[in-house]
Structures are given as C-alpha cells and as structure tokens.
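> Provide a 3D model corresponding to the input given below.
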Amino acid sequence: MSSSKKTALFAVLCLLSLPVFYFSFRFAMADIAAYSVKYAVEDMDSGKAPMTLETVDAAEEKIDSAIGWWPQNAEYVELKARLQLYRAIMGFGTPVFLSSVNNALALHQEAIELRPHWPYSWASRSLVKAYLGEFDAVYFEGFKEASRLGPWELSVNLSLLEAGLIGWQRLDESTISLVVAAAERGAEHRPKSVAELLNRYSMKYPICARMSRGEQQVKACR
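As a prediction, the model looks like this:
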C-alpha cells in the first residue's frame, strides 16, 4: 500500500474514532463530577455527615455539571432530586419547602421515564407525593412498582415505609401490606432506622402489630 493510501486510511480511521472518543470523554467527565455526590448523599442519608445548606449547594453544583455532560443518565437526575428533597427538609415551613419538593417530584418523574425499571425513583416519588399531601394514583403506583422492582433495597424500603406512615389513613389493605413488608425488610438490614421512622410518626403499634416477629423486627419494635 502506498504512503498516500496509508495516510488516507489513517485519516478515515481517526474520523471514525472521533465520536467514540467524544462520548467516552463526556461520560468520564460526568462520572468524575457525580462521584463525590453519590457518597455525600449516602453519608447524609445514613447520618454520617450533617445535612447542611453548604453541603447540598456543593453537591448540587457537581451533579448539575454531571447532568450537563450526560443528560440522559437517570442516576444523576435521581441524585439531583434527592438533593432537592434535602433542601426542602431544611427549608420546612418556608417557601423553599414547596418549590424544592415540587422540583424533586419533577426530577423523580424524569428519572422514571429515563429508567422505568429502577425502584429508587418509584419509591422516592411516592415519598415526595406524601410530603405534598397528594395521595393519588401516582402515590399508590410507586408502592407497587418499587416493591416489585427492588424489594430488598434498603433505601427503597425506608422510603416506602415513610411514605406509607405519612399517608397511613389513606391506605387500602393491599398498600398496607406493602408498607408492612417494607418495614420487615428494612428491619432486616437496619432495625434502628425503621424504629426511628416508627417513633417519628408515632406508628409503632399499627406497624409492629402486623409485622413478623423475627429477631431484627423485634429490635425495630422495642
């Protein structure tokens, strides 16, 4: 092969490789931006790190950057939704609460559309609906989908439990069963967290009376 043909072939290969390099670069930049956000959210969820406005602001700036690089990533959208929910919790009783909760709801819906088989978004959407006092078909749908898609995910079970405790008086028997099952499964992994939710909403007796009496469940109901 002549040198001119080799040069032309090399140029063609470079052109064909450009899209691969471009998208690989975008995905790498997105993951770098989102990496610390994942751990910040986990630490705030578990209580290892305090939930402060400064922490949420810093994490949201990074996740916005990640979404800018990779807008169709459902995990990044979900992380931003959770940060909006933290912002709402810190702003409870102020106008920030309602705007942040509605932002979280829209983001959870977007994440569901991007990845409908991901249980976290279904459970989180029901929890946000409960915070808004909207106990509608969308609220109930989340219990069924999240229980079906992620029955042993701790954060899913804790979100479903809290959503159910908030809307307890609105639940039908089938949804009550799903909430109790979420409490049982959550207790298997972290009975202390289940106990904290039951105490927060003064719902220990209604849930514990229906729960199985395994060792971890007993711990949650003490």
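> for the record, mean pLDDT for the helix or strand containing residue 123?
When secondary structure is defined using DSSP states H and E, the element that contains residue 123 is helix 119-132. Confidence over helix 119-132, taken as the mean pLDDT, stands at 96.
> Which positions in that helix come out as buried?
Within helix 119-132, the residues that qualify as buried by neighbour count (16 or more other C-beta atoms under 10 Å) are 119-132. For every residue, glycine as well, the C-beta is placed using N, CA and C.
> before we move on, what about stretch 42-50?
Residues of stretch 42-50 classed as buried: 44-45 (neighbour count, 16+ other C-beta under 10 Å).
> Over to stretch 213-222?
216-217, 220-221.
> try stretch 197-214
197-198, 201, 203-204, 207-208, 211.
> re the thing from before, dump the buried residues of stretch 213-222 into CSV; add secondary structure as well.
CSV is the format used below for the buried residues of stretch 213-222 (DSSP: H, G, I helix; E, B strand; the rest coil):
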residue, secondary structure
216, helix
217, helix
220, helix
221, coil
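> just those residues now: which is nearest residue 105?
Lowest distance from residue 105 to the buried residues of stretch 213-222 (C-beta to C-beta) belongs to residue 220, with 28.8 Å.
> separation between the residue nearest to residue 203 when sequence neighbours are not counted and residue 108?
Counting by C-beta to C-beta, 6 or more residues apart in numbering, residue 165 is the residue found nearest to residue 203 once chain neighbours are left out, at 5.0 Å. Going from residue 165 to residue 108 by C-beta to C-beta, to the nearest Å gives 19 Å.
> of those two, who's got more company?
Regarding residue 165 and residue 108, a neighbour count based on other C-beta atoms under 10 Å identifies residue 108 as having more, with 28 against 20.
> Next, find the distance separating the closest residue in space to the more buried one that isn't next to it in sequence from residue 60.
Leaving aside its sequence neighbours, residue 108 sits nearest to residue 125 (C-beta to C-beta, 6+ apart; 4.1 Å). Residue 125 sits at a distance of 19 Å from residue 60 (criterion: C-beta to C-beta).
> Please look at residue 156 and residue 123 and confirm they touch.
Yes - look at residue 156 against residue 123 with C-beta atoms under 8 Å: they come within range, at 4.5 Å.
> Now do the shared contacts for the two.
Counting by C-beta atoms under 8 Å, 6 or more residues apart in numbering, the shared contacts of residue 156 and residue 123 are 146, 150.
> ok, and what's touching stretch 196-216?
Looking at stretch 196-216 with C-beta under 8 Å, 6+ apart, the contacting residues turn out to be 158, 161-162, 165-166, 168, 176, 179-180, 183-184, 187-188, 191, 195, 217, 220-221.
> Show me which of those residues are buried.
158, 161-162, 165-166, 168, 176, 179-180, 183-184, 187-188, 191, 195, 217, 220-221.
> Which pLDDT does the model give residue 111?
In the predicted model, residue 111 carries a pLDDT score of 97.
> And it, how far from residue 102?
In this structure, residue 111 and residue 102 are 15 Å apart, going by C-beta to C-beta.
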